[in-house]
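In: sharing a model prediction with you, sequence too.
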Amino acid sequence: MKHDLPDWKLTLVESSADVDAFLGWVEGAVGMVSIDTETHGLDWTERDFTRLVTFADDHQGWAVPVRWWGRPLAAALARLRDKGNPVAFWNVRFDMHALEGDGFPVPHWANVHDGMVLHHLLAPHVGHSLKGVSAEVLGRWATTGQNLLKARMAERGWDWSTVPVDEPAYWQYGVLDTLLTQRLVRELTPEVEAAGMLKAYEREMHTAAIMYRAEVRGMRIDHRYAEQTRRAWLARSIELRDHLAARGVTNPNSNQQLERVFRDLGWEPDDFTETGQAALDKIVLGQLAKRHPDIAPQIIEYKRLTKWIGAYLEPFAASKGRVHPSINTLRAKTGRMSITNPALQTLPSKGSGGEIRRCVLPEPGCELWAIDYDSQEARVVACLAGDEGLLDAFRAGEDMYTHIARMAWNDPTIGKGDARRSTAKVIMLALLYGAGPSTLAASSGLSVLEVQRFLASVYAKFPGIREATGDFAIGGTYPGKPALMAEKRASTEGLAYVMTRGGRRFSMPDGEYYKAVNGLAQGSSADMLKDAIIRLDRAGLSDTLIVVVHDELVLNIPTGESNMAYEIRALMEDDSWEIPMTADVEGPFAHWGEAYA
C-alpha cells in the first residue's frame with residue numbers, strides 16, 4: 001500500500017520548555033511508541049556512543065540530543081519502561097546496545113517490537129533496511145530525508161560523528177526514521193499475523209533477547225596467546241609470500257595473476273566467472289595442488305593465514321581480554337544465526353581453526369562445555385523426506401551417511417572412517433544446496449557418471465530423498481515436492497516460499513525453487529535450536545551461553561557443576577519429531593580449542 005507524505009509534527013528539544021513538553025508527551029503516551037538512536041559509528045562498546053535519541057507515536061516525533069538533555073532523556077526512557085508501553089525499533093539490538101551502553105534505561109524485552117524481524121519473516125530473500133522497506137511499503141517519499149542529509153553532509157564535509165545535532169537535515173532525518181518505524185510496525189504486524197507467523201515472531205524476539213545478553217557479556221579472550229600466534233602466523237605468511245614470489249606469484253590474492261601463472265604451467269580451466277575469468281575457488285585450488293605441489297598448497301595456506309590473522313588474531317590480540325561478538329539471530333535467509341566481529345561460524349573444525357578457538361577462555365571459576373545436536377541436519381532431512389528407510393536407520397542408531405553409503409555401494413562393511421562415507425556426505429549435503437552434476441563431481445572427487453550412478457542407487461533405495469530433492473542431478477525432470485510447492489505459491493500468491501516446521505517462511509526469487517529443500521532443512525533446524533535456547537531461558541540457564549555456532553552451544557559452567565551441562569542437554573533434546581533429536585555433551589575444557597583437538 002502506498003501513502004502520501006503524512007502530516008507529522010517534528011520537534012527538536014532545544015529549550016527547557018521543549019523538555020517539559022517532551023516529558024508531558026511521554027507521560028501521556030498511550031500504546032506503542034518508537035525509539036531510534038543516532039550514533040558516532042557502529043561499535044556500541046565505545047564510550048559516549050549515542051548522540052541523538054528520537055521518539056515517535058503515530059503523529060509526532062521528538063529529537064533529544066544526549067549531551068544537552070541526558071537526565072531528562074534518562075527520565076523519559078525510565079518512564080516509558082515503567083509504564084510498560086510497547087516500544088518499536090528497527091534492528092532493536094543496535095539501539096538497545098547504544099542506549100544501555102551509555103547508561104540509559106531501556107524497555108523490558110517483553111514490550112519490544114522489531115520491524116526488521118517482522119519484515120524478514122514476510123520476505124527473507126530481500127533486503128531489510130529501514131529506508132528500502134519504507135520506500136517499498138510506504139512510497140519513495142520515505143527516502144527524502146536521507147537524500148537531503150547525505151547532500152548536506154557532503155557539502156559541509158561532515159561525517160556521522162561531526163554533523164551538528166541541531167542541523168535540521170540531521171535531527172529531522174533521525175525523527176523521520178522513528179516515525180517510519182512506527183508506521184511500518186503498524187502495517188507489518190497484521191501481515192505477519194495473517195500469514196500465521198506470530199508464533200515464529202515471538203520465537204525470534206525471545207531468542208534475540210537471550211543472545212543480546214550474550215553479546216553484552218562477551219567472550220573472555222587469552223589475548224597474549226592470540227598475539228603470540230599472530231606473530232608466528234605472520235612470520236609463516238612472509239615465508240610463503242617469498243616462496244611464491246620466487247615462482248612468479250607476487251600477489252597471491254590476485255586471481256588474474258594466479259590464472260596467468262597456472263596457464264603458463266599448462267592448466268586449462270573448465271569453469272569461469274560471469275566476467276570471463278577462470279574460477280579459482282577452494283575446490284579448484286585443491287585440484288591444482290595435486291598437479292602443482294610447489295605453488296597451489298602454498299597459495300591456499302597463505303590465503304588462509306592472512307585471512308585468519310586479520311579476522312581473528314588481530315582483534316583478539318587487541319581485545320585486552322574480552323570481545324563482544326555480534327550475534328544476529330535472523331540474518332541468514334534460512335533463519336540461522338550469524339556471528340560477526342569475529343565471524344566464528346566460518347572457522348573450520350580442524351587444524352588452525354582449533355588454534356584460533358584456543359583463544360576463547362571460560363570465565364573465572366568456570367569451565368567451558370560444548371553441546372551440539374547429533375547429526376541435526378541429517379535427521380531433519382530424514383524427517384522432511386519422510387523416507388521410512390532413513391527413519392528406521394536412525395531409530396536403529398545408524399549414522400545416515402554411513403547407511404546411505406552402504407546401501408548405495410551395496411557394501412555393509414563401510415564404516416564411519418571409510419572414505420566412501422565421506423564421499424556420500426559431501427554429495428548429499430551438496431545435493432541439498434541444489435548442486436548440479438558437475439559441482440557434485442568436483443566437490444566429491446568422483447566423475448559426473450559416478451555421481452549419477454551413486455544418486456540413482458540412492459533414489460532407488462530411498463525414494464523419499466528423490467521426493468525432497470528432485471532428480472535433476474541424474475538427468476531427470478522432477479523438481480521435488482518442496483520446489484513444486486514453492487512454484488505453486490509463486491503463481492497463486494505472488495511469492496515463492498516454503499514453510500519451515502517452526503512456521504516460518506523461506507522465500508526465494510523466481511526460478512530458484514531448487515533452494516526450497518535446503519531452506520526447509522536449515523530453516524527447520526534453526527527453529528529447533530531457537531526453541532531449545534528458549535527452554536534454557538525459561539529454566540534459568542540461558543546466561544551460561546557464550547555463543548551459538550551452527551548447532552553447537554558453547555557454555556560457561558561453574559567448576560564442579562557438570563550436572564548443569566547434562567541438564568542443558570536434556571533441554572535441547574526434542575522428541576516431537578518422527579525420530580528423536582538428540583544432543584552430545586563435551587567438556588569440561590580449559591579453552592574452546594580443546595573441543596577441537
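Out: The structure has been received and is ready for your questions.
In: tell me how far residue 233 lies from residue 286.
Out: Plainly put, residue 233 is 21 Å away from residue 286 if you go by Cβ to Cβ, to the nearest Å. Yep, even glycine has a C-beta here, placed from its N, CA and C like the rest.
In: okay, these two: which has more neighbours?
Out: Between residue 233 and residue 286, counting by other Cβ atoms under 10 Å, residue 233 is the more crowded of the two (20 against 15).
In: what packs against the helix or strand where that one lies?
Out: For residue 233, the host element (DSSP states H and E) is helix 223-245. Identification of packing neighbours for helix 223-245 by 3 or more Cβ pairs under 8 Å, 6 or more residues apart in numbering; DSSP states H and E yields helix 296-308, helix 314-317.
In: quick one: mean pLDDT for the first one?
Out: The reference is to helix 296-308. Per-region confidence: helix 296-308 scores 94 on mean pLDDT.
In: how about that helix: buried residues?
Out: The neighbour-count check on helix 296-308 (16 or more other Cβ atoms under 10 Å) flags 296-306, 308 as buried.
In: now the helices for the stretch 451-597 of the chain?
Out: Secondary structure of the stretch 451-597 of the chain by DSSP state H, counting those that start in this stretch: the helices cover 463-469, 481-493, 516-538, 562-572.
In: any chance of those helices in TSV with distance to residue 434, mean neighbour count and mean pLDDT as columns?
Out: Converted to TSV, those look like this (distance: least, Cβ to Cβ, whole Å; neighbours: other Cβ atoms under 10 Å; pLDDT from 0 to 100):
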stretch	distance to residue 434	mean neighbour count	mean pLDDT
helix 463-469	8	22	94
helix 481-493	9	17	94
helix 516-538	6	23	96
helix 562-572	29	17	97
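In: out of the ones you listed, the one nearest residue 226 is which?
Out: Ranking these by proximity to residue 226 (Cβ to Cβ) places helix 562-572 first, at 26.4 Å.
In: that closest one packs against which elements?
Out: Helix 562-572 is packed against strand 366-373, helix 516-538, strand 552-558, strand 583-589, with contacts defined by 3+ Cβ pairs under 8 Å, 6+ apart.
In: so what touches it?
Out: When contacts are defined by Cβ atoms under 8 Å, 6 or more residues apart in numbering, helix 562-572 is touched by residues 369, 371, 373, 532, 535-536, 539, 541, 544, 553, 555, 557-558, 583-585, 587-588.
In: one more time with 10 Å
Out: Here helix 562-572 makes contact (Cβ atoms under 10 Å, 6 or more residues apart in numbering) with 367-373, 528-529, 531-539, 541-542, 544-545, 551, 553, 555, 557-558, 561, 581-588.
In: selecting buried members of those residues in ChimeraX, what would you type?
Out: Burial among the contacts of helix 562-572 is assessed by 16+ other Cβ under 10 Å; the matching ChimeraX selection reads:
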select :367,368,369,370,371,372,373,528,529,531,532,533,534,535,536,537,541,542,544,545,551,553,555,557,581,582,583,585,587,588
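In: what about stretch 181-195, average pLDDT?
Out: Mean pLDDT, stretch 181-195: 97.
In: for that stretch, C-alpha coordinates in CSV please.
Out: C-alpha atoms of stretch 181-195 as CSV (Å, rounded to 0.1, in the frame of the first residue of the first chain):
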residue,chain,number,x,y,z
THR,A,181,9.4,2.6,12.1
GLN,A,182,6.2,3.3,13.9
ARG,A,183,4.2,3.2,10.7
LEU,A,184,5.9,0.1,9.3
VAL,A,185,5.4,-1.9,12.5
ARG,A,186,1.7,-1.0,12.5
GLU,A,187,1.4,-2.3,8.9
LEU,A,188,3.7,-5.3,9.0
THR,A,189,2.3,-6.8,12.2
PRO,A,190,-1.1,-7.7,10.8
GLU,A,191,0.6,-9.1,7.7
VAL,A,192,2.7,-11.5,9.9
GLU,A,193,-0.5,-12.4,11.8
ALA,A,194,-2.4,-13.1,8.6
ALA,A,195,0.5,-15.3,7.4
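In: thinking again about what came up before, will you turn the helices and strands packed on helix 223-245 into JSON lines that also has distance to residue 290?
Out: Output for the helices and strands packed on helix 223-245, formatted as JSON lines (distance: least, Cβ to Cβ, whole Å):
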{"stretch": "helix 296-308", "distance to residue 290": "8"}
{"stretch": "helix 314-317", "distance to residue 290": "33"}
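In: the ones you listed: which one's closest to residue 383?
Out: helix 296-308 (35.9 Å).
In: show me what that closest one is packed against.
Out: In terms of contacts (3 or more Cβ pairs under 10 Å, 6 or more residues apart in numbering; DSSP states H and E), helix 296-308 is packed against helix 223-245, helix 255-264, helix 282-291, helix 352-357.
In: just give the number of residues close to the residue nearest to residue 372 when sequence neighbours are not counted.
Out: Leaving out its chain neighbours, the residue that sits closest to residue 372 by Cβ to Cβ, 6 or more residues apart in numbering is residue 552, at 3.7 Å. Close neighbours of residue 552, defined as other Cβ under 10 Å, add up to 20.
In: what sits against residue 552?
Out: Neighbours of residue 552 in contact, by Cβ under 10 Å, 6+ apart: 345, 349, 370-373, 376, 529, 583-584, 586, 595.
In: gap between it and residue 421?
Out: Using Cβ to Cβ, residue 552 is found at 21 Å from residue 421.
In: contacting residues for the closest residue to residue 200 other than its chain neighbours?
Out: With sequence-adjacent residues excluded and distances taken as Cβ to Cβ, 6+ apart, residue 200 is closest to residue 504, at 4.2 Å. Neighbouring residues of residue 504 by Cβ under 10 Å, 6+ apart: 120-121, 124, 195-197, 199-201, 203-204, 330, 334-335, 497-498, 519, 523-524, 526-527, 530.
In: what do you get for residue 124?
Out: By Cβ under 10 Å, 6+ apart, the neighbours of residue 124 are 330, 332-335, 497, 504-508, 519, 523.
In: again, 7 Å this time
Out: 333, 505-507 (Cβ atoms under 7 Å, 6 or more residues apart in numbering).
In: pLDDT and distance to residue 473 added to the residues you listed, as JSON lines?
Out: Below are the contacts of residue 124 laid out as JSON lines (pLDDT from 0 to 100; distance: Cβ to Cβ, whole Å):
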{"residue": "333", "pLDDT": "87", "distance to residue 473": "22"}
{"residue": "505", "pLDDT": "96", "distance to residue 473": "26"}
{"residue": "506", "pLDDT": "95", "distance to residue 473": "21"}
{"residue": "507", "pLDDT": "94", "distance to residue 473": "24"}
